[in-house]
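Peer 1: Got a predicted model here, sequence first, then my questions.
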Amino acid sequence: MAIIAQRFALASRPVGEPSRDNFRLEKVEVPEPGPGQVLLRARYLSLDPYVRGRISGVRSYAEPTPIGSAPPGDAVNVVVKSEDPSLSVGDVVLADTGWQTYALGRGACSAQARSGGSSRHLSIVVVGCDIS
């Protein structure tokens, strides 16, 4: 079964303040996870100030977001399907999945939410992890 993600894609580089015209909402098909990959569903997205530099195209420490791509963004995600033995369906992880509802991730995450807490998303954000 194909998963369709909604994502915001960068339509143009902002001049001054970003506006709605700089983005477009798209529907994209997310492939099935391959060996070592997981399918992630974003639950909470962090919109950090550094993204402004990434979408503007100004030369900096990081590559600019290509036109037509989702801007970067760490999200607290739920594992929907796993082909990684270290992660199970239902696990909660932090990953840079960008501004989209579903994405593929790779690798084990040491910041996986610990069971028994009522604030799992907070426990991930404090520790931090990148499984992309």
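Peer 2: Looks like it came in fine. Numbers count the residues shown, from 1 in each chain.

Peer 1: Look at residue 71 and report its pLDDT.
Peer 2: At residue 71, the pLDDT value in this model is 96.

Peer 1: ok, the closest residue to residue 63 other than its chain neighbours - contacts?
Peer 2: Leaving out its chain neighbours, the residue that sits closest to residue 63 by Cβ to Cβ, 6 or more residues apart in numbering is residue 54, at 7.8 Å. The way it works is simple: take the backbone N, C-alpha and C, and place the C-beta from them, glycine included. Taking Cβ atoms under 8 Å, 6 or more residues apart in numbering as the criterion, residue 54 is in contact with 60, 62-65, 71-72.

Peer 1: and with 7 Å instead?
Peer 2: 62, 64-65, 71-72 (Cβ atoms under 7 Å, 6 or more residues apart in numbering).

Peer 1: shaky segments in this protein?
Peer 2: For the chain, the stretches flagged by pLDDT under 70 are 1, 107-132.

Peer 1: Let's check: the centremost residue of it is which one?
Peer 2: Nearest to the geometric centre of the chain sits residue 97, at 1.4 Å (Cα atoms, centre = their mean).

Peer 1: so it sits right up against residue 42, yeah?
Peer 2: Yes. Counting by Cβ atoms under 7 Å, residue 97 does reach residue 42; the two are 5.6 Å apart.
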